[in-house]
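S.K.: Predicted model, plus sequence, below.
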2 protein chains.
Amino acid sequence: MHTLHITSTTTVDGVVQREFTVGDLTGALWSAADVAGPAPLVLLGHGGGTHRTAPAMVGRARRLVVDGGLVAASLDAPGHGGRPRTAYDERETDAMQEAMEAGEPVGPIVVRYNGVISEQAVPEWRTVLDALLQLPDVDGPVGYYGINMGTAVGVPLIVAEPRIRAAVLGQFWPDTLVPLARRITVPIEFDLQWDDQHIDRNAGLELFDAFASTEKTLHANAGRHKELPRFEADSAVRFFVRHLRAGSL
Amino acid sequence: MHTLHITSTTTVDGVVQREFTVGDLTGALWSAADVAGPAPLVLLGHGGGTHRTAPAMVGRARRLVVDGGLVAASLDAPGHGGRPRTAYDERETDAMQEAMEAGEPVGPIVVRYNGVISEQAVPEWRTVLDALLQLPDVDGPVGYYGINMGTAVGVPLIVAEPRIRAAVLGQFWPDTLVPLARRITVPIEFDLQWDDQHIDRNAGLELFDAFASTEKTLHANAGRHKELPRFEADSAVRFFVRHLRAGSL
């Protein structure tokens, strides 16, 4: 069992942010400053090119803690945040950049690269989850919340990890994820951008359709890839409260 | 100007339900018992075969009043609730019943019949809205909330009625509504059942797609026609609070 080391603790407006390491993995944990007992945990998977304390992670974590009474944790993906980048990481990010600049589809590159990342990220998340659940203020059941690359990592993680009981996912291509999604039965909230310039509408709908979950909800919003409305983060909090806190809502 | 007459007043758990008439129209109005001032109004359009105080209307009204600080009003559609039924109403409901029993598509009959109802219902709603806005505890801006037949009435009503600034709609066929939806630009939340046995999935998506609104959100839930989850009513309250109460949420 790897041990979790807290490397820094910061409290802002009633929320404690603890940065941690587990072996050479780097993550962050958010909880209420005035917490009375352990709370269910939501794992936050960040998007491609960002990291464990990117604004979207901190914003979602704050809402989960303050509005939902939950605990949240993020983890740098391989090649992201404080972690070393390989020559392969450089090649794939260069290829994405070139495709964008040439106006060519970026999907095939992202699908391939994020697939490679997820093979490494899934066992890493499971190790970190073991360590997080040893902390006195962290409890199950566990949720997972990740959009874009967070979904590329999340879908195989949910298949591998029976402790994850509910997930908010979205905005990814179906190519490699559909066969995995067909094995997922936990409740899903799935975000899709109706006018996504990178992910074809029918491709996005195909991934949502693939989940075997009897409770699943698609939230499709007008707007382009990066215009996911902020109110979907509030919706995610209510979704996790409904599924992770028995008797709530 | 037609005058609104209150015919009964009942208070249950902090919510006042006033049944009213405007000419020969029959409706109901819900507001907080301890209200301090006027609140924005949400018009509730009921589904086919139900009426102004059907459980879905009372349930949605309570949430809007208690959780949203809003006022809500419903109105019996032509041939529904306390209103006389014509020989035409009987023929169409018989035709629907026969189609259901024979396992034939009910859509063409519902589209036709609800189209006839909406031609009469739209001017009726506008007359009642004039009367409601005279009451001291009712204010603008105005929202509209109606699923199924409530959408068949709501779409032409929103086109005709500039005082309606936001709407929750859903679960209807695109056939006659698409050209009208293309003229609608107010924020829309649109409910669709992913496994609707009556409304083909692509038909439902086509109607959502048609709205010209820059802010529109599709909520598609796993389940059949009558299985719209109860939590969508809570989501509708938050949608109306966001759009009708400036500075909230």
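M.R.: Arrived safely, thanks for sending. Residues are numbered from 1 along each chain as shown, chains lettered A, B, ... in the order given.
S.K.: what's near enough to touch the closest residue to residue A:214 other than its chain neighbours?
M.R.: In space, and not counting its chain neighbours, residue A:214 is closest to residue B:222: 6.1 Å by C-beta to C-beta, 6 or more residues apart in numbering or on different chains. Every residue, glycine included, has its C-beta placed from N, CA and C. By C-beta atoms under 8 Å, 6 or more residues apart in numbering or on different chains, residue B:222 lies in contact with A:213, A:214, A:215, A:216, A:217, B:194, B:195.
S.K.: Can you say which of the residues you listed are buried?
M.R.: Buried members of these, counted by 16 or more other C-beta atoms under 10 Å in any protein chain shown: A:213, A:215, A:216, A:217, B:194.
S.K.: quick one: contacts for residue A:19?
M.R.: A:6, A:7, A:8, A:9, A:26, A:27, A:28, A:29, A:52, A:53.
S.K.: Now the element after the helix or strand hosting it, going C-ward?
M.R.: Per DSSP states H and E: residue A:19 is located in strand A:15-22. Counting by DSSP H and E, the element after strand A:15-22 in chain order, helix or strand, is strand A:25-32.
S.K.: Could you pull up the mean pLDDT of that following strand?
M.R.: Mean per-residue pLDDT for strand A:25-32: 97.
S.K.: Centre of the chain to it, how far?
M.R.: Centroid separation between strand A:25-32 and its chain, computed with C-alpha atoms, centre = their mean, to the nearest Å, is 13 Å.
S.K.: CA atoms only: put that strand into PDB for me.
M.R.: The C-alpha coordinates for strand A:25-32 follow below in PDB (Å, rounded to 0.1, in the frame of the first residue of the first chain):
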ATOM      1  CA  LEU A  25       1.800  10.800  -8.300                       C
ATOM      2  CA  THR A  26       0.600  14.400  -7.500                       C
ATOM      3  CA  GLY A  27      -2.900  15.300  -6.500                       C
ATOM      4  CA  ALA A  28      -5.100  17.700  -4.500                       C
ATOM      5  CA  LEU A  29      -7.900  17.100  -2.000                       C
ATOM      6  CA  TRP A  30     -10.600  19.500  -0.900                       C
ATOM      7  CA  SER A  31     -12.800  19.300   2.200                       C
ATOM      8  CA  ALA A  32     -14.800  21.500   4.500                       C
END
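S.K.: Tell me what angle the longest helix along chain A forms with strand A:15-22.
M.R.: Determined from DSSP state H, the single longest helix within chain A is helix A:107-132. Per axes from the mean of the first three to the mean of the last three C-alpha atoms, to 10 degrees, the angle that helix A:107-132 makes with strand A:15-22 is 100 degrees.
S.K.: what comes up buried for whichever helix or strand comes after helix A:107-132?
M.R.: Toward the C-terminus, helix A:107-132 is succeeded by strand A:138-146 as the next helix or strand (DSSP H and E). Going by neighbour count (16+ other C-beta under 10 Å), the buried part of strand A:138-146 is A:138, A:139, A:141, A:142, A:143, A:144, A:145, A:146.
S.K.: quick one: the first one from residue B:157, how far?
M.R.: Read that as residue A:138. 50 Å (C-beta to C-beta, to the nearest Å).
S.K.: related to what we said a few turns ago, want to try a markdown table for the contacts of residue B:222, with distance to residue B:235, pLDDT and secondary structure as columns?
M.R.: Below are the contacts of residue B:222 laid out as a markdown table (distance: C-beta to C-beta, whole Å; pLDDT from 0 to 100; DSSP: H, G, I helix; E, B strand; the rest coil):
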| residue | distance to residue B:235 | pLDDT | secondary structure |
| --- | --- | --- | --- |
| A:213 | 18 | 98 | coil |
| A:214 | 19 | 96 | coil |
| A:215 | 14 | 97 | coil |
| A:216 | 15 | 98 | strand |
| A:217 | 9 | 98 | strand |
| B:194 | 16 | 98 | coil |
| B:195 | 19 | 97 | coil |
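S.K.: Adding distance to residue A:111, write the residues you listed out as TSV.
M.R.: Shown next, in TSV, are these (distance: C-beta to C-beta, whole Å):
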residue	distance to residue A:111
A:213	22
A:214	28
A:215	27
A:216	22
A:217	24
B:194	24
B:195	28
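S.K.: Closest to residue B:130 out of those?
M.R.: Of all the contacts of residue B:222, residue B:130 sits closest to residue A:217, with 37.3 Å by C-beta to C-beta.
S.K.: Run through the residues that contact the closest one.
M.R.: A:188, A:189, A:190, A:239, B:219, B:220, B:221, B:222, B:229.
S.K.: who does the strand holding residue A:19 pair up with?
M.R.: strand A:4-12 (antiparallel), strand A:25-32 (antiparallel) (DSSP bridges).
S.K.: out of those strands, deepest packed?
M.R.: Greatest average neighbour count among the strands paired with strand A:15-22 goes to strand A:25-32 (a mean of 23), per mean count of other C-beta atoms under 10 Å in any protein chain shown.
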